[in-house]
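A.B. asks: kindly return the folded structure for what I paste below:
(chains A, B, C and D)
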2 protein chains.
Amino acid sequence: MPTIYDVAKLSGLSKTTVSRVINNHSYVSEEKKNLVLKAMKELNYTPNPSARKLRGQVTTTIGVIVPRIVNPFFSYLVDSIEQVAYKNGYHVLIFQSNEDKEKELAFLNLLKTKQVDGIIMTSIENDWSIIEPFTESGPILLCNEYVNSASVPIVRLDQYKGAYIGVKHLLEKGHRKIGYCTGGLFAEEGKDKDRNQGYQKALQEAGIEPDPKWIFVNQHSIEDGKQVVKKILSMEDRPTAIFTGSDEIAGGMMIEAKECGLKIPNDLAIIGFDDQPLAQMLDPKLTTIRQPIDQMGIKAMETLIDMLNDSEVKVETFELPIELVVRSST
Amino acid sequence: MPTIYDVAKLSGLSKTTVSRVINNHSYVSEEKKNLVLKAMKELNYTPNPSARKLRGQVTTTIGVIVPRIVNPFFSYLVDSIEQVAYKNGYHVLIFQSNEDKEKELAFLNLLKTKQVDGIIMTSIENDWSIIEPFTESGPILLCNEYVNSASVPIVRLDQYKGAYIGVKHLLEKGHRKIGYCTGGLFAEEGKDKDRNQGYQKALQEAGIEPDPKWIFVNQHSIEDGKQVVKKILSMEDRPTAIFTGSDEIAGGMMIEAKECGLKIPNDLAIIGFDDQPLAQMLDPKLTTIRQPIDQMGIKAMETLIDMLNDSEVKVETFELPIELVVRSST
DNA sequence: ATCATATATGGTATCGATACCATATAAACG
DNA sequence: CGTTTATATGGTATCGATACCATATATGAT
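C.D. replies: Down below sits the predicted model:
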């Protein structure tokens, strides 16, 4: 592995000059510059990132923390972040927190040790008070998930509205018994809390009191969706429609519902959340809340780059539009 | 950010002794060891990985190259690799090559510069002759995709068998006109080549000559699947069954087929490949070839760890079982 | 008691790159 | 034409950690 010294020797110049060429500094003659470039090419030289990082340089690497990459929502989000990053010369390190506090902290530590220039968090496991100190080591940005107490830029969607328009749609379809599948009902703040409020608000406006027995907490997977349908079927008094927290839960519900001979949407109307590719492959096609994942990723990465270039980016919250996509499951 | 020097100062010992404690070297008294540990804790000290890497230490980081993380096949594969890695104290860096030769090389360069200890490649863009030199810088392992000329361990599935049993199944169902959607038909070697041979072999055994007009090359996405159905519908002489290269193509075909009033499997039988969660959510549920993604990821990471610990791992190919999952689309 | 060996600790060079200071030449100005 | 200013290049300390050598003490063997 050639080093900067080898390049210097081959080109007959000093390490310093070579370094200048690498970093595009001023005051290097065309002639010498070409000599250096030629030598670099000949040796197939790449600067050692560890050495650069150690020296306190930018790493041109940013980290993205996701709970689970197998969740399509997050893989799409990462993808769009990565596209923007690559265009701007940044590498992306993807971390799975697996919803583990320790793992999350391990990753944040990379910021402290200058392994990454900045971090985009798409989920938050630890209390903000624990995460906050890391912002001293480099920019952190929240994307998708958020906390009110956070003192960093946030790129997010209007989750309140998402739930509100979804439930509203069900009400307009004539439903009065509307169930709800959510990730966390008792969240103090953030995504789930806002969704819960949207759900409740829509019902309240229609003069309906949410029925606790139709509210299912901690639902995430396809399997969870199946279980929910089983629970519903075992009830005397059943909901006629369900608003869910993701297309996957909705998909799981559909499988089980059809298995049990329920007709969708007649016996049970279902709304998803995300508008993943899956949504149009289900039968009937899934009515869902479209989250502009791409835009969110793009905005997040662009903002992070701004933060890296100019440390004086305003701490603000960017809220992107969210919309209802009506298909055949409602 | 505290350094090893700060720890040394606080504990009243030398950097050397602190380093010994960090790396669990022999010849450190319990007493001093505790002093150091206490100081490390007090300062919330983490060794700087850049400095360690620069010094030529192990990085306890491995890289995984995937073509696209939004492809569920790869996100599941990465997930299982990551689980094993984390259990063994390794970090995983995920790279998207986006099927770009340059990007792939950029990532392989991280091996040369000792940013990662080893690399798992789940796809290959460049010629092996170009990749081969990188093996001198650290272990590389192929997982999923493969080339015959490769001189490294390979963890793969019997793709030939996968296609063979799929087509065989269609033949048993009485189909004689069997189409084929593949990624790359003209592949010199590797996954697609083997699948193609499996397809042809099954047909040949049944005395059927593959019909070129029913073979669709370069198919990958849901959208591709839709297009294939459109093409089929425009034909005078149509296939009655299609073997596809992924559940997504199959899903896309189903959407369009239903859209056009085709009944599945009666008017058109479809087989997927992968057995993703999606497969059971389609209606009718998708008959598909199950790839043991988890096992493949686990085996790959375990083997890579062996290579890292003991440089004398045999260069061999691990072939994992693949099976047909019959559902309702055939 | 003497010398070899095991245990315990510290000092310094080094990994590869860049920042900063020093210096040399060329151009610009009054 | 002398002096300032822009351009061009090199030398050396430094980032944080570890390897290696040196040294000091404790332990054991003869």
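A.B. asks: could you list the buried residues of stretch A:230-248?
C.D. replies: Buried residues in stretch A:230-248, counting neighbours by 16 or more other Cβ atoms under 10 Å in any protein chain shown, are found at A:232, A:238, A:239, A:240, A:241, A:242, A:243, A:244, A:245, A:246, A:247, A:248. For glycine as for every other residue, the C-beta is placed from the backbone atoms N, C-alpha and C.
A.B. asks: and stretch A:165-181, by the same measure?
C.D. replies: Neighbour-count burial for stretch A:165-181 flags A:165, A:166, A:167, A:168, A:169, A:170, A:171, A:175, A:178, A:179, A:180, A:181 (criterion: 16+ other Cβ under 10 Å).
A.B. asks: contacts for it?
C.D. replies: A:196, A:198-199, A:202-203, A:206, A:208, A:210-211, A:214-216, A:219, A:224-225, A:228, A:232, A:237-245, A:249, A:253, A:265, A:269, A:271, A:273, A:287, A:289, A:322-324, A:326, A:330 (Cβ atoms under 8 Å, 6 or more residues apart in numbering or on different chains).
A.B. asks: narrow these to those in helices?
C.D. replies: Counting by DSSP state H, those place A:196, A:198, A:199, A:202, A:203, A:224, A:225, A:228, A:232, A:249, A:253 in helices.
A.B. asks: from residue A:95, how far off is the third one?
C.D. replies: Spelled out, it's residue A:199. Taking Cβ to Cβ, to the nearest Å as the measure, residue A:199 falls 31 Å from residue A:95.
A.B. asks: coming back round to it: out of the ones in helices among the contacts of stretch A:165-181, which is nearest to DNA strand D?
C.D. replies: Of all those, residue A:224 has the smallest distance to DNA strand D: 43.2 Å, by Cβ to the nearest atom of the strand.
A.B. asks: picking that back up, can you redo the buried residues of stretch A:230-248 as JSON lines with distance to residue A:22 and pLDDT?
C.D. replies: Conversion of those to JSON lines gives the following (distance: Cβ to Cβ, whole Å; pLDDT from 0 to 100):
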{"residue": "A:232", "distance to residue A:22": "63", "pLDDT": "95"}
{"residue": "A:238", "distance to residue A:22": "68", "pLDDT": "95"}
{"residue": "A:239", "distance to residue A:22": "64", "pLDDT": "97"}
{"residue": "A:240", "distance to residue A:22": "66", "pLDDT": "96"}
{"residue": "A:241", "distance to residue A:22": "61", "pLDDT": "97"}
{"residue": "A:242", "distance to residue A:22": "58", "pLDDT": "97"}
{"residue": "A:243", "distance to residue A:22": "55", "pLDDT": "97"}
{"residue": "A:244", "distance to residue A:22": "52", "pLDDT": "97"}
{"residue": "A:245", "distance to residue A:22": "49", "pLDDT": "94"}
{"residue": "A:246", "distance to residue A:22": "46", "pLDDT": "94"}
{"residue": "A:247", "distance to residue A:22": "47", "pLDDT": "96"}
{"residue": "A:248", "distance to residue A:22": "47", "pLDDT": "94"}
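A.B. asks: tell me, which of the residues you listed make contact with chain B?
C.D. replies: Residues of these in contact with chain B (Cβ under 8 Å from any Cβ of the partner chain): residue A:248.
A.B. asks: just put the buried residues of stretch A:230-248 in CSV and tack on distance to DNA strand C.
C.D. replies: Output for the buried residues of stretch A:230-248, formatted as CSV (distance: Cβ to the nearest atom of the strand, whole Å):
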residue, distance to DNA strand C
A:232, 61
A:238, 66
A:239, 62
A:240, 64
A:241, 60
A:242, 56
A:243, 53
A:244, 50
A:245, 46
A:246, 44
A:247, 46
A:248, 45
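A.B. asks: please narrow the buried residues of stretch A:230-248 to those residing in strands.
C.D. replies: Secondary structure from DSSP state E places A:241, A:242, A:243 of the buried residues of stretch A:230-248 in strands.
A.B. asks: how close does the last one get to residue A:216?
C.D. replies: Meaning residue A:243. Residue A:243 is 11 Å from residue A:216, where distance means Cβ to Cβ.
A.B. asks: go on, residue A:8?
C.D. replies: Residue A:8 is 66 Å from residue A:216, by Cβ to Cβ.
A.B. asks: swap in residue A:264?
C.D. replies: For residue A:264, the distance to residue A:216 equals 18 Å [Cβ to Cβ].
A.B. asks: next one: residue A:11
C.D. replies: Counting by Cβ to Cβ, the gap from residue A:11 to residue A:216 is 68 Å.
A.B. asks: do you know the pLDDT at the nearest residue to residue A:203 once chain neighbours are set aside?
C.D. replies: Using Cβ to Cβ, 6 or more residues apart in numbering or on different chains and skipping the chain neighbours, the partner closest in space to residue A:203 is residue A:210 (5.4 Å). At residue A:210, the pLDDT value in this model is 91.
A.B. asks: my read: residue A:210 touches residue A:197, true?
C.D. replies: No: Residue A:210 lies out of contact with residue A:197 (Cβ atoms under 8 Å); the separation is 11.2 Å.
A.B. asks: of those two, which one has the most company?
C.D. replies: Shown here are residue A:210 and residue A:197; by other Cβ atoms under 10 Å in any protein chain shown, residue A:210 has more neighbours (17 against 14).
A.B. asks: mind listing what the more buried one touches?
C.D. replies: The contact partners of residue A:210, taken as Cβ under 8 Å, 6+ apart, are A:180, A:199, A:200, A:203.
A.B. asks: distance of it relative to residue A:158?
C.D. replies: Distance from residue A:210 to residue A:158, by Cβ to Cβ: 21 Å.
A.B. asks: ok, the most centrally placed residue in chain A - contacts?
C.D. replies: Chain A has residue A:122 as the residue nearest its centroid, 3.9 Å off, counting by Cα atoms, centre = their mean. Residue A:122 makes contacts with A:64, A:65, A:66, A:67, A:74, A:77, A:143, A:144, A:145, as judged by Cβ under 8 Å, 6+ apart.
A.B. asks: could I get the residues you listed in TSV, plus columns for secondary structure?
C.D. replies: Shown next, in TSV, are the contacts of residue A:122 (DSSP: H, G, I helix; E, B strand; the rest coil):
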residue	secondary structure
A:64	strand
A:65	strand
A:66	strand
A:67	coil
A:74	helix
A:77	helix
A:143	strand
A:144	coil
A:145	coil
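A.B. asks: what residues does the stretch 51-200 of chain A have near DNA strand C?
C.D. replies: Within the stretch 51-200 of chain A, the positions adjacent to DNA strand C are A:51, A:52, A:54, A:55, A:56, A:57 by Cβ under 7 Å from any atom of the strand.
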